[in-house]
Every structure is written in structure tokens, then in C-alpha cells.
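Asks: Turn this into a model:
(one chain, ligands or ions: 2)
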Amino acid sequence: MRLNPSQQHAVEFVTGPCLVLAGAGSGKTRVITNKIAHLIRACGYQARHIAAVTFTNKAAREMRERVAQTLGRQEARGLTIATFHTLGLEIIKREYKALGMKAKFSLFDEHDQQALLKDLTEQWLEGDKDLLKQLTSAIGNWKNDLLDPAQAQAVARTERDKLFAHCYELYDTHLRACNVLDFDDLILRPTLLLQRDADARERWQNRLRYLLVDEYQDTNTSQYELVRMLVGGRARFTVVGDDDQSIYSWRGARPQNLELLQRDFPQLQVIKLEQNYRSTERILKAANILIANNPHLFEKKLFSQLGYGEALKVVTANNEDHEAERVVGELIAHHFIRKTRYRDYAILYRGNHQSRLFEKMLMQNRIPYKISGGTSFFSRPEIKDLLCYLRVLTNQDDDSAFLRVVNTPRREIGPATLQKLGEWATARNKSLFDASFDLGLSQTLTGRGLESLQRFTHWMAGIARLAESEPVPAVRDLIHGMEYESWLHETSPSPKAAEMRMKNVDQLFSWMTEMLEGSDLNEPMTLDQVVTRFTLREMMERGENDEDLDQVQLMTLHASKGLEFPYVFLVGMEEGLLPHQSSIDENNIDEERRLAYVGITRAQKELTFTLCRERRQYGETIRPEPSRFLLELPQDDLAWESVRKVVSPEARMAHGQSRVAGLREQLAKAKDRGG
Ligand SMILES: Nc1ncnc2c1ncn2[C@@H]1O[C@H](COP(=O)(O)OP(=O)(O)OP(=O)(O)O)[C@@H](O)[C@H]1O
Ligand SMILES: [Mg+2]
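Replies: Ligands and ions are numbered 1, 2, ... in the order given. Reported below is the predicted structural model:
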């Protein structure tokens, strides 16, 4: 792969510590992948002696692919390309004895961690959510700063911090006793081990002889220390980063680690890259002007030669439904007219909760999409449950859906009953649902099991009959009659969680209603069609290796780091969302500006911002101000869509319909042309 002279220099400098400090899209990640190949091909390193660390699993996967393309799978075998956390886990797995752990340990996710902390601190915090949150982040910060409970106690100043340090001690004791690790332990434990155990340190320095770190600006203290321990005095490493893209200070990331590096490794070679190969000049100019409003540790320049490019669009929507409609509408038209792939588009947002309506619009319009990072609506357990009910409703031969719903919520239909039903049905070549109506079934099944089973299937059959003529009331009866809400309350960790889940169920119901009855954008559909649409979506969620599929990419700004897309929609450009309200309150606008910078610099060819005039928030309708970042951009390069005042619902309907008709016409034309 081609490299410019500075990149070439960064790749070929292998005799000491190396820092590549450069702006977005300047080829830092490309330097890393090329350098891996160079180390193996030209410097005699074996692949198993090289480790490259990235920030997300997605980034690690991409890097593995890029390297495999250059080197081939054979030569790349044994190479470590991992996130900090998976590298930490790898060390722990091999060093469990030195760590004083048992071979079998388990990992706690955030959920487990919260539950344990809540139990342990009941007498002090009384389950107070805010305090629990503060405690969790205090413990996280101490761990990221490599402080054990005693050290935390020593640095605690306020009464609150002293109490928190005490809780940290209880928590730590508990984890150790149960042989459990939390997320932060994956870095903390190996780092402490390498600090104190010279043998272990030597083993790892011998094993990993060259270390490369991408997105270095987001390392925190413990991660930096892990790097320092792994590279040792030999200091054979390359780290690349951009202080303007530091967006994890809330997890303890310290851009000052860039300066520390210079202090700890005086022989550090610092290389700057100045050409951006990703974005049009206009996109890059906007990004540069925005980020110039932040204070800077390092001077950086960045230019592009990819042409000036199109103006950056700003779309003002009436509300968040309209925003999703506009984005998806634009995307479809653009896709057909320009004959692009769906994977060329990304919809980026500040918070996970913003994805929902975009999902809905994409799903309704049958556009394949993929949510990275957050949980998609369709992979939530309550939605899967309900989908299985709907599958049974529309296809009584669907045995696997039947098995999922027959005892959810619990109806005392046990495994023994189901097994006998299964044998009976198989022998007669019937579906489980049909077989449950057989009179002869009482020969093999008796008592409560049979009674509950038949009560269930009769009830479902009744709903299915109603669904043939009146699907909306039928589904309403279904949700009501299955007593799902009380089941959710029994099985959810908290009343709040149960409420959230029920809200999701209601949401699915309202989407279904809209699809069954038709809307501005969609013809009415049959229940079969709606269920098939949902099921397909849910199946796609389950696909693991779908990186290659042609899907629109949805993700948070945080998750988009390091990636690039030809066409980017940056949505929710409003005060309160981006910058986020909590950062406005804490006067932490610089970090939000870096987030916006990361978002803008993901775009290669075209960038569209959207914002809403009105937005629902905690049950109220608010009228947000446009994001200050929009106002900081060079206005000559922005194309603000002329503001239309569509007020009355009739006018809005008429407008919606004519727009959709226009869109349909455009699509038909595009198709005629062979699109
Ligand atoms: N010398 C080059 N010639 C042509 N294309 C290049 C060159 N260097 C990098 N690129 C391309 O430019 C794009 C950006 O590169 P890369 O992702 O490595 O940048 P980066 O500095 O890591 O960006 P970020 O800061 O967003 O992580 C990629 O598509 C890459 O293939
Ligand atoms: Mg990169």
C-alpha cells in the first residue's frame, strides 16, 4: 500500500520508541498495519512477537482484515491484534497462578457489578440510584488510577469519598473471594502483576517484543502503565494518536499521557502527518475550524487534496419522528440515484437512545441496517418473546416459536409435558400446536400439564381467528391476555427495568399498528407481512459475522472512532444533545467539541447534519436550540435547508404525501434507468 514520506518514515523507524501524532484521516492506522508487515517482512520479527492494541472489537477486526490483506493469513498467524481488555484477559489467563487466582474465574459485566454493589451497600446507600452511580464511577476511577482500597482510603478527603473507599474494599474482598473480575480488573490485575513480579514481566517482554497502540490519546493511567511494563527498557513500540479525538475522559483517559510519553522516553521519536486522505477539503475545513475553538497541547496542520466537495447540509425537522423520516428518505433517494451501497451510509448520534426511531424507519422501509455497540431494539428479550407469539399467531406450525412462548410467562407446562407432546406430535407428523388439540393426547398426558397446555392453545387459537379479520385488536388482546406485564415485574431486576421493558412492548405494538393501518410513507400491510418483516430483522440481529453485509451503519459518536464512511448523517445537532446537557452543566464543552470533531471527520464525501424544532423529553415537548457547534462551523460551507413553516396537521399530511409521492416518482425513474 502506498505511503507518503512521513508515513514511510514512521513505518521504517523501528529502533526506538515512536509516537505518530496527527489529525483525523491522516493514515495513523494505516501506519500501524503497514508497520506490522514491515516488522515481519523486513526486520525479521515473528508474528507471535508482535502485538497491536486498538480500542474497540470492531476496530480490532478491521485491523486484522487489513493486515491479512497485506500479509496473507499464513504470515499473519500468531499475531496479537486485540483491545486493551482482551490483551489483559489473555495475560490473566496465562498468569492466573502468579496472580493467586484459580484457573476458572468469571467476568462481571456492568449489570452484575451494579447488583453486587447495591447489595453490599444497602445499609448506607439504601439503593439510591445516583449514589450507586457515583460509587461505581469512583471505584472505576480508583482502579484506572491503579489505587487499591487502602490507597483509595488514604486519598479520600470528603466523608463521602471515605465511605466510598470503604465500599470499594468490601467490593474488592467479595470479588477476590469469588474469583471474579470486573471490566477494569482486566487492565488493573495484569498491570499490578507486571509491576511487582520481575519474572512475569520478563516472560511478557520476551513474548511481546514489539507493541503498537492505536488511538493512544484515549489510554488511561492503568493502560499507559501496562504499556510501559510491557515494553520495558527496550522500548520498542509505536503509538499513534490525536489529542483532538480524546473522548473518553469519563473513563479516566488522559491526553496528557502523550506528554508523559516524552518524559518517560526521552529518546521518543515524534512524527507528524499532515495530509488527510479521507475527506473532501470542505469537510476537513469545517472540522479544523470547529476544533480550533479548543485549547491545544500540540500544533497540528491538516490538508486534503480530494477536491472541495459538496456543501454540508443542515436539515431542520419538525420533531424526532420527522427527523428519522427525513434522514431515511434522503438516504433512500440518494442510494437509488447515486447507485451506492447501503454500507456507505452511517447515521451517528450522541446517545444510544436516539437510535430507536431511525431503526423503525429503516425497518419499515426494508433497508438493511446494523447497530454497532448498543443493543438493537429487536435483540431485546421482551421483543423476542413477543415476536415468537406473533409467529405462532401467524403460523401455527412454527414449533420453535411455540416452544419459546408456551411457558413464557410461566404456565406450569413443564419439560415432561412438552417432551410427551413432542413425541406424540412427531409420531403423527403434526406441529406441536395442532397436536395439543388431539383428544387422544389424554392417553399420555394427564392432569394439570394437559389442562394448562390446552387452555393456552385454545386461547391462542381464538386470538388467531380474530387476527384474520381484525389484527390490531387481536394483538392488543394477545398482549393483555398473556399477562406479560406482571411477568416482567416478576422477572426484571427492578420495577424501573420492568417498566422500560413494557414500554418496548408498547412501542412494538404501536409500530405494528402503524404498519397494519398504513401511514404517509407506507401502504397498509397484512399481519403476515408485518411479522415476516420483524422476524427478518430479528434474524439479522443474530447474524454474528455480518461485517460484510450491505447494511446502513448506526452507532454512537464514541463507537465511530477510527472508522470512515462516504456519506454521514450526524443527527440531533441540538444544545442538550450535542453538547450533552450533563457536559454543559459541568462546563465540559471541549470534550463534546472533540466528539463533534470525531463525527465530522468520519465523513469522506458528504455530510448532513439534522436537528429538530421540537423534541419529546421525559414526557414533555421541548424546543431545543441548534447546537453551538453548528454555529461555529464556516457558514459559507453549510447549506441550511430553507425553513418551511408547516403548521397544521392537514398541511403537514399533504406535504408528507406529496414528498413521498415525489420520492416514489424519483425511485421509479431511477429503477427505469436500471438502478
Ligand atoms: N498514503 C496514502 N495514500 C492513499 N490513501 C491513504 C494514505 N494513507 C492513508 N490513506 C487512506 O486514508 C484513510 C484514512 O486513513 P486512516 O484510517 O489510517 O487514518 P487515521 O489517521 O487512523 O484516522 P483516525 O484519526 O480517524 O483514526 C484510509 O482510507 C486510508 O486507507
Ligand atoms: Mg485510525
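
Asks: helix/strand/coil for residue 524?
Replies: Look at residue 524: counting by DSSP: H, G, I helix; E, B strand; the rest coil, its state is coil.

Asks: Compute the number of surrounding residues for it.
Replies: By other Cβ atoms under 10 Å, the residues close to residue 524 number 12. In this view, the C-beta of every residue, glycine as well, is placed from N, C-alpha and C.

Asks: do residue 618 as well
Replies: Residue 618 is flanked by 5 other residues according to other Cβ under 10 Å.

Asks: measure it to residue 366 for me?
Replies: According to Cβ to Cβ, to the nearest Å, residue 618 stands 32 Å off from residue 366.

Asks: before we move on, what about residue 621?
Replies: Distance check for residue 621 against residue 366: by Cβ to Cβ, it reads 31 Å.

Asks: before we move on, what about residue 35?
Replies: Look at residue 35 and residue 366: by Cβ to Cβ, they are 43 Å apart.

Asks: out of these two, which sits in the busier spot?
Replies: Just comparing residue 35 and residue 366: by other Cβ under 10 Å the higher neighbour count belongs to residue 35, 26 against 11.

Asks: Not including adjacent chain positions, what is the nearest residue to whatever residue of the stretch 501-650 of the chain ends up closest to ligand 2?
Replies: Ligand 2 sits closest to residue 562 of the stretch 501-650 of the chain, with a gap of 4.2 Å, by Cβ to the ion. Nearest residue to residue 562, sequence neighbours excluded (Cβ to Cβ, 6 or more residues apart in numbering): residue 59, at 4.9 Å.

Asks: helix, strand or coil for the one you found?
Replies: helix.

Asks: tally of neighbours for it?
Replies: By the measure other Cβ under 10 Å, the count of residues near residue 59 is 20.

Asks: That one touches residue 214, doesn't it?
Replies: Yes. Between residue 59 and residue 214 there is a contact under Cβ atoms under 8 Å: 6.9 Å.

Asks: which residues are common contacts for the two?
Replies: Each of residue 562 lies in contact with both residue 59 and residue 214 under the rule Cβ atoms under 8 Å, 6 or more residues apart in numbering.

Asks: who in the chain is up against ligand 1?
Replies: Those residues of the chain that sit near ligand 1, judged by Cβ under 6 Å from any ligand atom, are 2-4, 7, 24-30, 242, 245, 277-278, 562, 564, 601.

Asks: Mind giving me the PyMOL select for the residues you listed, buried ones only?
Replies: Typed into PyMOL, the line below selects the buried ones among those, using 16 or more other Cβ atoms under 10 Å:
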select buried, resi 3+7+24+25+26+27+28+29+30+242+245+277+278+562+564+601
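
Asks: among the residues of the chain next to ligand 1, which are in helices?
Replies: The subset of these located in helices under the criterion DSSP state H comprises 7, 28-30.

Asks: Kindly identify which of those residues also come near ligand 2.
Replies: Restricting these to those touching ligand 2 (Cβ under 5 Å from the ion) yields 28-29.

Asks: possible to save the ones in helices among the residues of the chain next to ligand 1 as a markdown table with pLDDT?
Replies: As requested, those are arranged in a markdown table below (pLDDT from 0 to 100):
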| residue | pLDDT |
| --- | --- |
| 7 | 97 |
| 28 | 96 |
| 29 | 95 |
| 30 | 95 |
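
Asks: which one of the ones in helices among the residues of the chain next to ligand 1 is nearest residue 249?
Replies: Checking those against residue 249 by Cβ to Cβ gives residue 28 as the nearest, at 20.3 Å.

Asks: pretty sure residue 624 contacts residue 576?
Replies: Yes. Counting by Cβ under 8 Å, residue 624 sits close enough to residue 576 to count as a contact (5.5 Å).

Asks: What residue, apart from its backbone neighbours, is nearest whatever residue of the chain ends up closest to ligand 2 spatially?
Replies: When you check the chain against ligand 2 by Cβ to the ion, the closest residue turns out to be residue 29, at 3.3 Å. Distances taken as Cβ to Cβ, 6+ apart place residue 214 nearest to residue 29, at 5.7 Å, with adjacent residues excluded.

Asks: Could I get the phi/psi values of the one you found?
Replies: Dihedral pair for residue 214: phi -90, psi 160, per degrees, to the nearest 10.

Asks: Contacts only, for the residue of the stretch 451-600 of the chain found nearest ligand 1.
Replies: Distance from ligand 1 to each residue of the stretch 451-600 of the chain (Cβ to the nearest ligand atom) is smallest for residue 562, at 4.2 Å. If you count contacts by Cβ under 8 Å, 6+ apart, residue 562 has them with 29, 54-56, 59, 62, 214-215.

Asks: I'd like to know which of the residues you listed is nearest to residue 631.
Replies: Taking Cβ to Cβ as the measure, residue 215 is the one of the contacts of residue 562 closest to residue 631, at 28.9 Å.

Asks: The closest one and residue 561 touch, don't they?
Replies: Yes. Taking Cβ under 8 Å as the definition, residue 215 is a contact partner of residue 561 at 6.4 Å.

Asks: which residues are common contacts for the two?
Replies: Taking Cβ under 8 Å, 6+ apart as the criterion, residue 215 and residue 561 both touch 55, 59, 245.

Asks: just those residues now: which is nearest residue 200?
Replies: residue 55 (25.2 Å).

Asks: doesn't residue 83 make contact with the closest one?
Replies: Yes. Distance between residue 55 and residue 83: 6.4 Å, which falls inside the contact criterion (Cβ under 8 Å).

Asks: what about the two, which has more around it?
Replies: For residue 55 and residue 83, the more surrounded residue by other Cβ under 10 Å is residue 55, and the numbers stand at 21 against 17.

Asks: Give the closest residue to that one in space, chain neighbours not counted.
Replies: Spatial nearest neighbour of residue 55, chain neighbours left out: residue 215 (4.5 Å); criterion: Cβ to Cβ, 6+ apart.

Asks: Name the residue of the stretch 151-300 of the chain that lies nearest to ligand 1.
Replies: Distance from ligand 1 to each residue of the stretch 151-300 of the chain (Cβ to the nearest ligand atom) is smallest for residue 277, at 3.2 Å.

Asks: Alright, that wraps it up for me.
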